[in-house]
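Asks: How does the following fold in three dimensions:
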Amino acid sequence: MVKAIRMHRIGGPEVMEYVDVELAQPGPGEVLVRHKACGLNFIDVYFRTGLYPQPLPAGLGMEGAGIVEVVGEGVDVVRVGDRVAYAGRPVGAYAEARIMPVDNLVCLPDSIDFDTAAAMMLQGLTVQYLFHRTFPLKGGETILFHAAAGGVGLIACQWARAIGVNMIGTVGSDEKGELAKAHGCAHVINYNKENFVQRVREITDGKGVPVVYDSIGKDTFIGSLDCLSPLGMMVSFGNASGPVPAFTLNELASRGSLFITRPSLMSHTAKRADLEQMAAHLFSMVESGKVKIDIRQRYPLSEVAQAHRDLESRKTTGSTLLIP
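Replies: This is a model prediction of the structure:
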């Protein structure tokens, strides 16, 4: 038996139960991973509240790092004792141990510890595909990135600086603004004090930006469109404030033939070769010191409800871990 989080209904943090779960033996192509740390991400809230539906009862969590304890038939990518990490489906990372498809795992370099790995896989791979696959940045661009002091945001600040990109970041407080600046954000906008659309236009001399990366959703969507230059790209990759409201395609045409996309990490890592390439890029950025994973909160797995409350109330910054 292992301890794990299970939910039998959707709702608030209280629906998550800390229970005993019996694990079967890994089947063909599967391994048993004993977690050393699990990542906390806003996508977990989407599953908990039912915004992203899944059959119930269900687990939660999409990111973890640990040691392979048992391997199933036909597994040759990893061996017992290997240090591994993952991000993505199947949901269920909030657990002391779990069965995982081996194709979702990557082996960790010795230089990257378990806490760092569990805090960076989903968020770091997200920045990798946003900057190099969704809208490939070449260096020299000025971009807008919302929630710059969050886990994804702080990685994006550093990554942008490393590749020569001028990043404008939005934050909810002056303290978060200082944190984003310390991590490489070139311009910070406190959206509780300033109109971010107006400030972006001022910073760019009225030109706007070629791309906006927006994980906030409802509260920032139209404003984000207004920050784009003609033929710009709106990248909506999250819904922290709620789903994006319905809009007509004329909203894109009237602002200068804009493009829009709603990418997901799972689409980008669906092919094993792409996952390995993206993970290698992320690992190299971390090993080089260009990107440092800033873990600012740790909670025991049994206190996951408080972790969710703090995340949803925007009390957290940087990356957050759950420790089994």
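
Asks: Report the central residue of this protein.
Replies: A centroid search over the chain (Cα atoms, centre = their mean) returns Q123, at 3.3 Å, as the residue closest to the centre.

Asks: separation between it and S215?
Replies: Distance of Q123 to S215, computed by Cβ to Cβ, to the nearest Å: 10 Å. Using the backbone N, CA and C atoms, a C-beta is placed for each residue, glycine as well.

Asks: What of Y86?
Replies: Distance of Y86 to S215, given as Cβ to Cβ: 21 Å.

Asks: between those two, which one's more packed in?
Replies: A direct count of neighbours by other Cβ atoms under 10 Å for Y86 and S215 places Y86 higher, at 28 against 22.

Asks: Beta-bridge partners for the more buried one, please?
Replies: G64 (DSSP bridges).

Asks: who touches it in this structure?
Replies: By Cβ atoms under 8 Å, 6 or more residues apart in numbering, the contact set of Y86 is 33, 63-65, 93, 100, 104-106, 121.

Asks: Rank these by pLDDT and give me only the lowest.
Replies: Going through these one by one, the lowest pLDDT turns up at N104, 92.

Asks: Quick check: phi and psi at that residue.
Replies: phi -90, psi -10 (degrees, to the nearest 10).

Asks: Spell out which residues sit in contact with it, please.
Replies: For N104, the contacting residues are 86, 88-89, 275, by Cβ under 8 Å, 6+ apart.

Asks: For burial, what's the neighbour tally of M1?
Replies: Neighbour tally, M1, other Cβ under 10 Å: 9.

Asks: What strand or helix carries the residue lying closest to it once chain neighbours are set aside?
Replies: Spatial nearest neighbour of M1, chain neighbours left out: D20 (4.5 Å); criterion: Cβ to Cβ, 6 or more residues apart in numbering. Taking DSSP states H and E as the criterion, D20 maps to strand 17-21.

Asks: Pull the distance from that strand to the chain's centre.
Replies: Its chain's average C-alpha position is 25 Å from that of strand 17-21, according to Cα atoms, centre = their mean, to the nearest Å.
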